[in-house]
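**Student:** Build me a model:
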Amino acid sequence: MQLKHQRWYQKLSMKIMSNKKQVKSQEPNKNLFQQTIEGVVDVQHAYHSGLSALKQFDALKVTIDSPRLLDGSVDIDSSTKSKYPDAKRWDYVLSFAGKAFYVEVHPATNGEVKEIKAKKAWLEQWLREKASALNDYPSAVPRYYWIQSGKCGILKNSPEYFCAAKEGLLPQSRLVLKA
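**Tutor:** Now for the predicted structure:
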């Protein structure tokens, strides 16, 4: 019986290795982030190299010290707009050094905190229900980044400031990615 089990295991191992070789040969230049994105139906054709998925103004808000470590980017908002037209969609995901950064470029005022909170809730639900492969991809800590599109107008002693802080979403003037 043990010999039968060993043969079965060897056949299974050979089959798995064969499948891995086929996948590698079909996707020779695709990084893990790109492969992950292509496995998510809602954004499967939305992968871009570098920061090219970001709108030009938004890309200026991201500084990268080692561009070779940038795995790519996806405009989640544009890619999912037709499927979820009334949703408060998150802007982008980008991968740097093998970790996902979820980025929202948005005005930073007291009145916008509720909007950002709703966008984050939508993103978390979408990742769980529609993009589990991306949800399982390693994430940066913190995972979510609110990049202010202009000056920050959130008063530091306001309830909105404390709400944003509780959500881990205090706006930053820019996202700086270092190796």
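
**Student:** got the residue ranges for the strands in this structure?
**Tutor:** 47-48, 62-64, 70-75, 92-96, 99-109, 139-153, 175-177 (DSSP state E).

**Student:** Those strands into TSV, with extra columns for mean neighbour count, distance to Asn29 and mean pLDDT?
**Tutor:** Using the backbone N, CA and C atoms, a C-beta is placed for each residue, glycine as well. As requested, the strands of the chain are exported to TSV (neighbours: other Cβ atoms under 10 Å; distance: least, Cβ to Cβ, whole Å; pLDDT from 0 to 100):
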stretch	mean neighbour count	distance to Asn29	mean pLDDT
strand 47-48	20	12	98
strand 62-64	17	21	97
strand 70-75	23	12	98
strand 92-96	26	15	98
strand 99-109	20	20	97
strand 139-153	16	24	96
strand 175-177	16	22	97
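
**Student:** could you dump those to TSV with distance to Ile116?
**Tutor:** Shown next, in TSV, are these (distance: least, Cβ to Cβ, whole Å):
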stretch	distance to Ile116
strand 47-48	24
strand 62-64	18
strand 70-75	17
strand 92-96	14
strand 99-109	6
strand 139-153	6
strand 175-177	15
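
**Student:** Report the contact partners of the spatially most central residue of the chain.
**Tutor:** Residue closest to the mean C-alpha point of the chain, counted by Cα atoms, centre = their mean, is Val93 at 3.0 Å. Val93 is in contact with 73-74, 76, 100-103, 134, counting by Cβ atoms under 8 Å, 6 or more residues apart in numbering.

**Student:** Grab the two from those that are most spread out in space.
**Tutor:** Spatial extent of the contacts of Val93 (Cβ to Cβ) is set by the pair Val103 and Leu134 at 13.9 Å.

**Student:** Okay, domains of the protein per the record?
**Tutor:** 1-28, 31-177 (automatic domain parsing).

**Student:** Now the weakest link among those, please, by mean pLDDT.
**Tutor:** Per-stretch mean pLDDT for the domains of the chain is lowest at domain 1-28 (a mean of 51).

**Student:** mind checking how far Ser79 is from Leu134?
**Tutor:** 12 Å (Cβ to Cβ, to the nearest Å).

**Student:** Compare the two and say which is more crowded by neighbours.
**Tutor:** Leu134 (23 against 20; other Cβ atoms under 10 Å).

**Student:** so how many other residues sit close to the closest residue to the more buried one other than its chain neighbours?
**Tutor:** Closest residue to Leu134 apart from its sequence neighbours, by Cβ to Cβ, 6 or more residues apart in numbering: Val40 at 5.3 Å. By other Cβ under 10 Å, the residues close to Val40 number 23.

**Student:** No further queries at this time; thank you.
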